[in-house]
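# sharing a model that was predicted from the sequence below.
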Amino acid sequence: MKKILMGSFALMLFSASILLFQMSCKKSADAEPGPGTGNGNVPVATTTTLGGVIVGSGLNVTAAGVLSVNAGNSGATQLNKVVFTKYISGSGSEIWLMNYDGSGQTKVNVALSANQKIGDDARLSPDGKKLFFIVATTGLSNNKEDIYSCDIDGKNLVKLYDMPVSGGHTYLSGAY
């Protein structure tokens, strides 16, 4: 019985010390003083800044702090496009574009040599001007999968990554 009482007392003492420690910790976060101001106020949001953080010329900040894209600004335009690959039995994959609602499906004609095939996925650049995709070269003793880019219309094809002939695979994760 004595051990139970001593154990209970030790646990109660430990709980009280944790409670005192938590109460003594400061629970507020104050802004650092601004340059030459001496106070901890953050600058007011404007059309180019949001609380002291520069947003950029392509965005607008309302008085309520809501961000929006400036219309007609070439720096930040949403295209509302989806890029996808379509597998055609016997001929391989093709790159296609469409609108968010599924309308306007258009094939992107990419000129590849006879022993090259487009991989299973494609990515659109953030500005919507470039496509990125994997091209598999067939007829070799091992796999060869390179990363290519082209304009959204299929022109200006460029090899970005030349994979060594090693039997491995290349995966395209994103274009940011």
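Ah, there it is.

# need the helices for this structure, in chain order.
Secondary structure of the chain (DSSP state H): helices at 2-24.

# where do the strands of the protein begin and end?
Along the chain, the segments classed as strands by DSSP state E run 49-50, 53-54, 59-61, 67-69, 81-88, 92-99, 106-108, 116-124, 130-137, 145-151, 158-161.

# so of those, which one's packed in deepest?
Sort those by mean neighbour count, taking mean count of other C-beta atoms under 10 Å, and strand 130-137 sits at the top with a mean of 20. (Glycine included, C-beta is placed from N, CA and C.)

# ok, residues contacting that one?
Applying C-beta atoms under 8 Å, 6 or more residues apart in numbering, the contact partners of strand 130-137 are 83, 85, 95, 108, 110, 112, 115-125, 143-152, 154, 159-160, 170-172, 175.

# list the neighbouring strands of that strand plus their orientation.
Each strand paired with strand 130-137, and its direction, by DSSP bridges: strand 116-124 (antiparallel), strand 145-151 (antiparallel).

# list the contacts for Gly119?
Thr85, Ser93, Phe133, Ile134, Val135, Ala136, Glu145, Thr170, Leu172.

# which non-adjacent residue is nearest Ala122?
Once flanking residues are discounted, Ala122 sits nearest to Phe133: 4.1 Å by C-beta to C-beta, 6 or more residues apart in numbering.

# mean confidence for stretch 96-112?
The average pLDDT for stretch 96-112 rounds to 89.
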